[in-house]
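Student: Just the structure for this:
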Amino acid sequence: MDATDLDYRARTRSDCIPPELVSRLLERGHVDVVELQAGRGEWFCVLAWAWLLGEQGRQADALEVLAPYLATGWWTAVVAAAELLEGQRPMRRS
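Tutor: Numbering: from 1, shown residues only. Next up is the predicted model:
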């Protein structure tokens, strides 16, 4: 995983499941699909899955989901982790 590549893919939404589709999947009860795709490295699924875990009081598990992204130093992941720890809904930026 490379922070520059992650940033490009998230900003351009190329080669990824867009956040609007992730939201729709969750709205329709397909949490299992979001979890599966998060495990495959789909950033917007990772973000949603981590937030769902955090809402369940499972911050350690949520941070584990974010860990590979945090390890790259990707600022978007760092902000997402901080928002998770603060209990704030992640902002919809890249």
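Student: for this structure, what spans make up the helices?
Tutor: Assignment of helices within the chain using DSSP state H yields the ranges 3-12, 19-27, 31-39, 43-55, 59-70, 75-86.
Student: Pick the most deeply packed of the ones you listed.
Tutor: Of all the helices of the chain, helix 43-55 has the most neighbours on average by mean count of other C-beta atoms under 10 Å, namely a mean of 23. Every residue, glycine included, has its C-beta placed from N, CA and C.
Student: So what touches that helix?
Tutor: Contacts to helix 43-55, defined as C-beta atoms under 8 Å, 6 or more residues apart in numbering, come from residues 6, 9-10, 16-19, 21-23, 26, 31, 34-35, 37-38, 59, 61-63, 65-66, 69, 80, 84, 87, 89-90.
Student: chain center to that helix: distance?
Tutor: The chain centre lies 5 Å from the centre of helix 43-55; the measure is C-alpha atoms, centre = their mean, to the nearest Å.
Student: go on, stretch 63-80?
Tutor: 9 Å.
Student: shaky segments in the chain?
Tutor: Flagging of the chain using pLDDT under 70 yields the residue ranges 88-94.
Student: how much space is there between the residue sitting furthest away from the middle of the chain and G57?
Tutor: Taking C-alpha atoms, centre = their mean, the residue of the chain most remote from its mean C-alpha position is R28, at 18.4 Å. Using C-beta to C-beta, to the nearest Å, R28 is found at 24 Å from G57.
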